[in-house]
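In: structure of the sequence below:
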Amino acid sequence: MKKIVLLIACFAFLNAGAQGYLKETESGYQGKFIPKLQQEDDALHFLVLGDFGRHGQYHQKPVAEQMGAAAITLDIDFTISVGDNFYPNGIESTQDPQLQNSFEDIYTNTKLYENWYVALGNHDYNGNIQAQIDYTKVSRRWQMPDTYYSETFKLKDGSKLLMVVMDTNPFIDGYYKKDNDMYENIIKQDTTAQRKWLTETLEKTDAKWKIVVGHHPLYSGGKRKNSDDIKAFEKKFASFFDKYKVDAYLCGHEHDLQVVKPKGHYTTQFLSGAGSEVRPSGEREGTLFADNQAGFMCFSVTGKKLLVQLVNEHGDIIYTTEMNKK
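Out: Have a look, this model is predicted:
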């Protein structure tokens, strides 16, 4: 009888591994993983998430669990947040309970303790944005040295990836209303200085790949498809990103998953705003993918390829696309 029980246990253990529960990484860590994710050799791997901070409610916890599984599978280098990190009104200090309840206690997988490069969303602007910047000195993984900043990553073949994290909030015309809770934070920002910095950063780099991160979308087929603010933001930056050969613009704000590349444009937009609550999605001209499933995006970048895989809260890969360079 003991031998039979032992054999059954061994079979269950091995079968679990085949179905996606156990994997040993280079670091020796074992845990749940996503076996169907493509794994590019010698790639820089990172996850992209947005609109997530809701104390674990809605779909935040299952999305976080699958992020951990993807992080182990790909052995990621970092995570990017495209903003709206804390609902509904940001945080007030580096001791705000939401930092624990909506972030630290939710994203607990070992591989999710690699750096998080974080952008500010409009809900973050309702609170103390300096507290999110200051949290960089408190948390080992939280990285927000300023309202906008950049990082350059060296790829395995010696080429580089430039990641530019911008603050889109002060570029949204509708936020300049005195009855808006964001108003006091918005009017303190210098959009001229930020745009000059963006131009210089994108112009002077020798990086092979250029990625810009921001909260607000250039394009949307979702709730804000006909928003005057989004149309105005597109006019301000769509051609600008094309001019400086930005390969990918990562954003959120809409609570869904979208990939959009309008005809005649160089930049592909990846909207990853489904980290917690989701809303109906939709299409527009240039839509390559749109769905309101909760989830996130996985990026794998080599000198020649940028691979993107969209994963839902159940660990299913629901869309894959790639860009190639010589």
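
In: the stretch 201-326 of the chain: strands as residue ranges?
Out: 209-213, 248-251, 257-260, 268-272, 287-291, 295-301, 305-312, 317-324 (DSSP state E, counting those that start in this stretch).

In: of the ones you listed, give the one that comes closest to Y183.
Out: Ranking the strands of the stretch 201-326 of the chain by their distance to Y183 (criterion: CB to CB) puts strand 248-251 first, at 22.6 Å. Glycine gets a C-beta too; all of them are placed from N, C-alpha and C.

In: residues in contact with that closest one?
Out: By CB atoms under 8 Å, 6 or more residues apart in numbering, the list of residues contacting strand 248-251 from outside reads 48, 50, 80, 82, 168, 209-218, 241, 267-273, 297, 306, 308, 323.

In: related to what we said a few turns ago, and E104, which of the strands of the stretch 201-326 of the chain is closest to it?
Out: Ranking those by proximity to E104 (CB to CB) places strand 295-301 first, at 18.0 Å.

In: for Y113, give me phi and psi.
Out: Here is the backbone geometry of Y113 (degrees, to the nearest 10): phi -90, psi 10.

In: same thing with E151?
Out: When read as degrees, to the nearest 10, the backbone of E151 gives phi -140, psi 140.

In: what number of residues lie near it?
Out: 16 (other CB atoms under 10 Å).

In: just the buried members of the contacts of strand 248-251?
Out: For the contacts of strand 248-251, a burial check counting by 16 or more other CB atoms under 10 Å picks out 48, 50, 80, 82, 168, 209-218, 241, 267-273, 297, 306, 308.

In: make sure V48 is indeed in a strand.
Out: Yes. Counting by DSSP: H, G, I helix; E, B strand; the rest coil, V48 is part of a strand.

In: surely it is in contact with G295?
Out: No. Look at V48 against G295 with CB atoms under 8 Å: they stay out of range, at 10.4 Å.

In: which residue, other than its chain neighbours, is closest to T147?
Out: D167 (4.3 Å; CB to CB, 6 or more residues apart in numbering).

In: how far away is that neighbour from V308?
Out: Going from D167 to V308 by CB to CB, to the nearest Å gives 24 Å.

In: for R54, same thing?
Out: When CB to CB is the yardstick, R54 and V308 sit 25 Å from each other.

In: got the buried residues for stretch 221-235?
Out: Under the neighbour-count criterion of 16+ other CB under 10 Å, stretch 221-235 has G221, G222, K223, R224, S227, D229, I230, F233, E234 buried.

In: which one of those residues is nearest L288?
Out: Ranked by distance to L288 (CB to CB), the buried residues of stretch 221-235 are led by G221 at 10.6 Å.

In: how about T199, secondary structure?
Out: helix.

In: now it, nearest residue through space, not along the chain?
Out: Distances taken as CB to CB, 6+ apart place Y244 nearest to T199, at 7.6 Å, with adjacent residues excluded.

In: correct me if wrong: that neighbour contacts K204.
Out: No. At 10.3 Å, Y244 does not count as touching K204 under the criterion of CB under 8 Å.

In: more crowded one of these two?
Out: Neighbours per residue, other CB under 10 Å: of Y244 and K204, the larger number sits with Y244, 18 against 8.

In: any idea how far Q258 lies from F86?
Out: From Q258 across to F86, the span is 23 Å (CB to CB).

In: ignore what I typed, I meant Y176.
Out: Y176 sits 23 Å away from F86, going by CB to CB.

In: one more: L198?
Out: Relative to F86, and taking CB to CB, L198 is found at 25 Å.

In: between these two, who's got more neighbours?
Out: More crowded of L198 and F86, by other CB under 10 Å: F86, with 25 against 20.

In: from N126, how far off is that one?
Out: For F86, the distance to N126 - CB to CB - is 9 Å.

In: swap in L47?
Out: 26 Å.

In: of those two, who's got more company?
Out: When L47 and N126 are compared for neighbours, L47 comes out ahead with 27 against 18, by other CB under 10 Å.

In: you'd agree that one is up against D77?
Out: No. Under the contact definition of CB under 8 Å, L47 does not touch D77, with a separation of 9.7 Å.
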